[in-house]
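Asker: got a sequence here, can you model it:
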Amino acid sequence: MTSGRGGDRHPSVAAEAEGYLLARSRHDEALRDAEALCARLPWLTGAQADDLTRQYVRQHIDLSRRMLLAVLERADGLRQEYEQRYADLRRRLLKGHAAWACALLAGAAWATACLGWTTR
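Answerer: The predicted structure follows:
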């Protein structure tokens with residue numbers, strides 16, 4: 001995941017570390033939840049509790065992954081939408097400024113022409 005460029009390496013390493021810590025905290029949270037669930041089910045044998053814990057953690061991690069991917073897809077969609085909107089606004093602003101500049105130049109040319117006619 002790290003890039004080959006030296007300047008971009010440190011932020012990428014930081015992002016990887018952050019991702020690892022986030023995944024680890026999700027795993028620990030799922031494990032705590034699974035253990036709490038097993039504690040409320042006293043009739044489970046040790047093997048059953050271990051199996052339930054493993055399955056619960058796996059399901060929780062899969063759910064977290066799906067939710068994260070959905071958020072990433074939505075963020076990407078919003079980014080594209082806002083980039084398009086920004087480009088449209090920028091284009092519109094440029095057209096408006098160009099129109100005002102043309103009008104100003106035309107007015108200045110007209111005023112210069114009028115002054116030229118009056119001074120003759």
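Asker: which strands or helices does the strand or helix carrying C114 pack on?
Answerer: Using DSSP states H and E, C114 maps to helix 46-119. Packed against helix 46-119 by the contact rule (3 or more Cβ pairs under 8 Å, 6 or more residues apart in numbering; DSSP states H and E) you find helix 6-39. C-beta: built from backbone N, CA, C; applies to glycine.
Asker: quick one: contacts for the residue positioned nearest the centre of the chain?
Answerer: In the chain, the centroid-proximal residue (Cα atoms, centre = their mean) is A75; its distance is 4.3 Å. Contact partners of A75, counting by Cβ atoms under 8 Å, 6 or more residues apart in numbering, are absent.
Asker: can you tell me how far it sits from E81?
Answerer: According to Cβ to Cβ, to the nearest Å, A75 and E81 sit 11 Å apart.
Asker: rewinding a little: now do the residue nearest to the centre of the chain against L41, distance only.
Answerer: A75 is 38 Å from L41, by Cβ to Cβ.
Asker: now do L69
Answerer: Taking Cβ to Cβ, one finds L69 at 31 Å from L41.
Asker: Three-state assignment for L41, please.
Answerer: Under DSSP: H, G, I helix; E, B strand; the rest coil, L41 falls in the coil class.
Asker: where does the chain dip in pLDDT?
Answerer: Applying pLDDT under 70 to the chain flags residues 1-9, 119-120.
Asker: quick check: the gap between the residue nearest to the centre of the chain and L68.
Answerer: Here A75 is placed at a distance of 10 Å from L68 (Cβ to Cβ).
Asker: what does E29 give?
Answerer: Taking Cβ to Cβ as the measure, E29 falls 14 Å from L68.
Asker: ok, back up a step: tell me how far the helix holding C114 lies from the chain's centre.
Answerer: With Cα atoms, centre = their mean, to the nearest Å as the basis, helix 46-119 stands 11 Å off its chain's centre.
Asker: and if you look at stretch 38-51?
Answerer: On Cα atoms, centre = their mean, the centre of stretch 38-51 falls 40 Å from the chain's centre.
Asker: show me what that stretch is in contact with.
Answerer: With contacts defined as Cβ under 8 Å, 6+ apart, stretch 38-51 is touched by L52, T53.
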